[in-house]
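In: Give me the fold of what follows.
(one chain, ligands or ions: 3)
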Amino acid sequence: MTLLISEVGDLVCVVQLARAEQSKQSMETLLDRIQHIERHLGEIRESYRFNDLIGLSAIHAALYPAIHDIGKWSSEGVYQFKPTSPETLKLIELRASQANQQATQLLSESAGEALEILSRQAWRMSGFRQVIIIMLGIMAVMSLALGFFVLRQQRTLVALKESEEQIRYRANFDLVTGLPNRPNFIEHLSAAVARSRRTRGLIALLFIDLDRFKTINDTLGHDIGDQLIKEAGSRIVANVRSTDMVARLGGDEFTVLLQDMSDAMHAPLIAESINEQLTMPFRLDGHEVYSSASIGITICPIDSEDASTLLKNADMAMYQAKDMGRNTFRFFTKAMTNRARQFLELDKDLRRAIERDEMFIQFQPIYDLRRRMVAGVEALMRWKHPEKGIIMPEVFIPVAEETGLIVEMGYWVLDRASREAMRWQQLGSAMPYLAVNVSTRQIKGGFCGEKVSLILEQTGFPPEKLVLELTESLLMEEDKRVHATLDGFRSLGIEFAVDDFGTGYSALNYLRSFPVSTLKIDRSFINDMVDNQGDAQLVDSIVAMAGGLNVGVVAEGVETLEQASILRKFGCTLFQGFLYGKPVDADTLFRILIEDTIPDVISEDGRSAQVS
Ligand code: C2E
Ligand code: MG
Ligand code: MG
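Out: Numbers count the residues shown, from 1 in each chain. Ligands and ions are numbered 1, 2, ... in the order given. Take a look at the predicted model:
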């Protein structure tokens, strides 16, 4: 018994040590001690005498739940500093529940045996001694009852603690991968940053985003998606030291915290090896799945000494890696912060731009050279910033797309442009078709037929004269909602043009399944066509293909007579470009329409004339 009590005291010390050190070794010692005590308990139980009965049952009642409790605590400890060792975790949990079961069994056995011994003793004695024995018996039974009561109390506590732990586990760990989650990671990152401030140690933060994850998830289902995330998590863990931390921030985003690095240049080496591992095929439920990763790297204290800034840095660098064509890594640079700051500033100003009437539209004519008239007009958005002057769409459209503002801006352009077009007609000009750009993020953000139809009703603009310019990537979308939206537009009588044709995908199947009225050959081909035979051939075949499909073809960005002449030879008749007319305000465009000031730059047989 003394041995047992000193062992319990010893165990408490070991537990404290394990808590303080939080090392694998101290955890193993702890496990060792629990086993040791259990072995001793067995021995003591074998040799116990009647006198020990009361003390023993009390110890049973108190010690086993305590072991259970310690077991549970240690599993929590294991969760905290060694989340990737499910084997140790399971072992401790198993031991704890076994101990609890054993405690109940021992206690009932003790109760049985105690009563048996008592009844035997009581029969043998007589008179006063019998009374004493019976009283002792009653005390023993009461102490056993107390033991049961204590055990039950302990159990309830343990059960409470268990659910509390489950809640804590869920709050700190990602259930799919078992890796620490975002709040847990940020806590560790903050602690590591604080340590680095004291020790000047180097920390690298890697932000990893799987490429193509969304496509895999959408096409193969969430189960496979989860399996991919889990497997990717294990591959990342396998590439770092056990002292480094890997976390899943959510979705397909992981982070790695590399601590106490001797050289910052180790970070890209690790990023490279992670990348290499993630490009190897994943075998998931009989599917061979290919992925890769884009990784952003930031170094503490070089880039920042603040946890949330470091996370933002690494995120930004990761996006840069994505922009570089994926499957690569990028270091964070200060220039990225400047860009992000500009982005935030633009976003703030852009939100007020519409209400402050800072947006305006320029119209660029699209000429039909065969019929010698303006066939259509493209509406192009501009922003007159109160301090920065005119800002072009290439700068503000990505910001509006990122923040979702593009949807509202899209309705605004449509409303304003169709009003202007109605005014031209009322003032006596012919009605050209009106081309309005619609981006993929705009459609995905909720730009829809109902609202468009309402705007057209209000402005009186005929839907069949409206052409929405879409990108190839949008038409390639597998998202059913996108197609439902496009069908909605089509049912109103609206037509579609493929903008920047040739830059998106090589697959052209969508042209057969999705009716478009016009292809707009991207400006880059028109520009390079003069010097590059390959581009010239491509333009030639696009024009021929469009003829075969019976769709119109517009050459975008025609700037020189030479380009125009080649295009005419290929049989292209619709031209848009600075050679024929730059984007202009609504009044100027009206004048072009009524004054018939079509620049006589090229005659029908393809020979050039003077430029107006
Ligand atoms: P886009 O739809 O391909 O528009 C044609 C762009 O080429 C316009 O640039 C136009 O000014 C320019 N351009 C036309 N002819 C020539 C030429 O001969 N030479 C050169 N160098 N450029 C020429 P802009 O106005 O800067 O617009 C850029 C892009 O911004 C547009 O490309 C379009 O994708 C987007 N955008 C413009 N307005 C809107 C809008 O209201 N909504 C959406 N979603 N996107 C818009
Ligand atoms: Mg366009
Ligand atoms: Mg274009």
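In: Identify the residues contacting the residue in the stretch 301-450 of the chain that ligand 3 sits nearest to.
Out: At 7.9 Å from ligand 3, residue 437 is the closest residue in the stretch 301-450 of the chain, using CB to the ion. For the C-beta atoms, the positions are set from N, CA and C on the backbone; glycine is no exception. Each residue near residue 437 by CB atoms under 8 Å, 6 or more residues apart in numbering is listed here: 378, 379, 380, 381, 413, 468, 469, 499.
In: JSON lines for those, including distance to ligand 3?
Out: JSON lines is the format used below for the contacts of residue 437 (distance: CB to the ion, whole Å):
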{"residue": "378", "distance to ligand 3": "8"}
{"residue": "379", "distance to ligand 3": "13"}
{"residue": "380", "distance to ligand 3": "10"}
{"residue": "381", "distance to ligand 3": "13"}
{"residue": "413", "distance to ligand 3": "15"}
{"residue": "468", "distance to ligand 3": "13"}
{"residue": "469", "distance to ligand 3": "7"}
{"residue": "499", "distance to ligand 3": "4"}
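In: Make CSV out of the residues you listed and add pLDDT.
Out: Formatted as CSV, those follow (pLDDT from 0 to 100):
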residue, pLDDT
378, 98
379, 98
380, 98
381, 98
413, 98
468, 98
469, 97
499, 94
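In: which stretches of the stretch 101-250 of the chain have low pLDDT?
Out: 101-115, 117-119, 121-126, 129, 133, 137, 140-141, 143-166 (pLDDT under 70).
In: any idea which element the closest residue to ligand 3 within it lies in?
Out: Taking CB to the ion, ligand 3 has its nearest neighbour within the stretch 101-250 of the chain at residue 215, 25.4 Å off. Taking DSSP states H and E as the criterion, residue 215 maps to helix 213-220.
In: Identify all contacting residues around that helix.
Out: Against helix 213-220 from outside (CB under 8 Å, 6+ apart): 224, 225, 228, 229, 251, 252, 284, 287, 289, 291, 478, 479.
In: Relative to ligand 1, which of those is nearest.
Out: If you rank the contacts of helix 213-220 by distance to ligand 1 using CB to the nearest ligand atom, residue 479 comes first, at 17.9 Å.
In: if I pick the nearest residue to the closest one once chain neighbours are set aside, what's in contact with it?
Out: Excluding the flanking residues, the one nearest residue 479 by CB to CB, 6 or more residues apart in numbering is residue 444, at 7.4 Å. Contacts here follow CB under 8 Å, 6+ apart; on that basis residue 444 touches 479, 481, 482.
In: Give me the distance between residue 444 and ligand 1.
Out: 12 Å (CB to the nearest ligand atom, to the nearest Å).
In: What parts of the stretch 351-500 of the chain come near ligand 3?
Out: Residues of the stretch 351-500 of the chain lying close to ligand 3 by CB under 5 Å from the ion are 499, 500.
In: Enumerate the residues of the stretch 351-500 of the chain near ligand 1.
Out: Neighbours of ligand 1 within the stretch 351-500 of the chain, by CB under 6 Å from any ligand atom: 364, 380-381, 392-394, 397, 410, 413, 437-439, 442, 469, 499-500.
In: and with 8 Å instead?
Out: 361-362, 364, 378-382, 392-394, 397, 401, 406, 409-410, 413, 436-439, 442, 469, 471, 499-500 (CB under 8 Å from any ligand atom).
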